[in-house]
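# here are the coordinates; sequence isn't available:
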């Protein structure tokens with residue numbers, strides 16, 4: 001009875017036994033979308049788009065000498081923060097805020113394509129932002145979802161029952177794989193593709 005009541009409060013269920021079937025909580029998705037919209041709005045009307053892009057970290061990807069460690073940090077920084085916030089009950093509040101910040105930084109970066117004063121080309125932005133985002137977003141949202149479940153379980157003192165419903169090690173493997181793939185692309189493939197432009 002206790003296990004059943006806990007499972008009904010989970011942001012996603014694994015009753016089907018399929019670890020790929022995940023429902024992301026609205027408290028993670030909605031702030032993420034709101035951050036993208038607001039970030040794009042701020043980026044479009046910014047008087048200093050290059051400085052804004054430096055803040056969100058996109059300018060660093062223009063450096064061909066970027067190290068693999070720095071690329072791995074760039075690919076996994078938000079995932080690491082999500083994991084850190086999962087360690088306490090305040091993660092229920094901080095994780096949606098982190099989701100908003102992640103969306104906001106992406107929206108600001110995308111605005112670089114639209115702002116006339118920016119020196120970024122559409123193709124460069126797609127290669128340096130669009131393709132990595134296809135890899136990093138699933139890792140981030142998966143980490144956010146698991147972290148939110150864990151933080152919520154601490155809030156309700158139901159950690160063991162929650163963790164039994166999460167294929168935690170499989171999710172951790174996927175997150176590490178995606179972050180590593182993103183870092184490999186940024187460090188090795190992106191400079192090659194940029195050299196062909």
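Now that the structure is in, tell me what you want to look at. Remember, it's a predicted structure, so these values are computed and weren't measured experimentally.
# the nearest residue to residue 30 once chain neighbours are set aside is in what secondary structure piece?
Here the nearest residue to residue 30 in space, its sequence neighbours aside, is residue 96; by C-beta to C-beta, 6 or more residues apart in numbering that works out to 7.9 Å. Just so you know, the C-beta spots here come from the backbone N, C-alpha and C atoms, and that holds for glycine as well. For residue 96, the element it lies in under DSSP states H and E is helix 91-114.
# other SSEs contacting that helix?
Judged by 3 or more C-beta pairs under 8 Å, 6 or more residues apart in numbering; DSSP states H and E, the packing partners of helix 91-114 are helix 26-44, helix 49-56, helix 68-85, helix 122-125, helix 131-155.
# just these: most buried one?
Comparing the helices and strands packed on helix 91-114 on average neighbours per residue, with mean count of other C-beta atoms under 10 Å, the densest one is helix 131-155 at a mean of 21.
# ok, the residue nearest to residue 30 - how many residues close by?
By other C-beta atoms under 10 Å, 23 other residues sit near residue 96.
# residues contacting it?
Going by C-beta atoms under 8 Å, 6 or more residues apart in numbering, residue 96 touches 27, 28, 30, 31.
# and stretch 172-191, which residues are buried?
Buried positions in stretch 172-191, judged by neighbour count with 16 or more other C-beta atoms under 10 Å: 174-175, 178-187, 190.
# rewinding a little: and the residue nearest to residue 30, how far from residue 105?
To residue 105, residue 96 is 15 Å away according to C-beta to C-beta, to the nearest Å.
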